[in-house]
Each structure stands twice: as structure tokens, then as C-alpha cells.
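Trainee: Got a sequence here, can you model it:
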Amino acid sequence: MTFLIPTLFLIVLPFFPESPVWYMKKGREADARKAIIRLFGPDTNVDERIDIIRTELQQAEAEGNGKDQTSWKAIFSKENRTRTFVSVLGLQVQNFSGGYFG
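Mentor: As a prediction, this is how the structure comes out:
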């Protein structure tokens, strides 16, 4: 019986359109327009949605360019040491309580 849901997804998944955001990231605006119409219906304002997607992608790119990369050493720094300890402790308590499903 556990195979029913995955089988249903495998049957239905090919009929889902790609995300308009994915199309816009790839530079395929015409396909993004078709996907928006298919997802939201023919009465939707396609140009407005395209502009929103374009603006959000530009903002995400601008934010991503301004951030520094974080190293693995940062989790052991003084200001993050307590956070790291609490996170690891929570995961280990789950293992010690018999809730391990590995």
C-alpha cells in the first residue's frame, strides 16, 4: 500500500508545468508566460506577474552578490558556539531517547 502515493505522483507529475520562475531564470520568458497562463488561468495579468518575477530575481541576485561566504569554522566561533551546542545536543537527545530511525 505504501507504493500508491508515489505511483500517483509519478503518473501526475509529467502534467505539471514548470515553474515560471525557473523559466525566467533560464531566460525563457515566452515559456514563463505560457506557464503563468496554465497555472493561473487566461484571465490573469501575465505582464504584471512577469514583472514581479523579474524584480524578485533581480533582488535575489543583488542580495546574493553582496553576501560573503560562510565557512565551516564559523559554527565553532565564539558567537555561534552555543547555537551549535544546542543544535547538536537536541539531535543527540533524540538518539538517546530511543527515537533513532537510521
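
Trainee: Return the helix or strand in this protein with minimum mean pLDDT.
Mentor: Using mean pLDDT, DSSP states H and E, the weakest-scoring helix or strand in the chain turns out to be helix 81-96, at a mean of 86.

Trainee: same for whatever helix or strand residue 60 lives in, what does it pack against?
Mentor: Under the criterion of DSSP states H and E, residue 60 resides in helix 46-66. Here helix 46-66 is seen to pack against helix 20-25, helix 29-40 when contacts are counted using 3 or more C-beta pairs under 8 Å, 6 or more residues apart in numbering; DSSP states H and E. C-betas here are computed from N, CA, C, even on glycine.

Trainee: Quick one: the ones you listed as JSON lines, columns for mean neighbour count, distance to residue 63 and mean pLDDT too.
Mentor: Output for the helices and strands packed on helix 46-66, formatted as JSON lines (neighbours: other C-beta atoms under 10 Å; distance: least, C-beta to C-beta, whole Å; pLDDT from 0 to 100):
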{"stretch": "helix 20-25", "mean neighbour count": "18", "distance to residue 63": "15", "mean pLDDT": "95"}
{"stretch": "helix 29-40", "mean neighbour count": "16", "distance to residue 63": "21", "mean pLDDT": "94"}
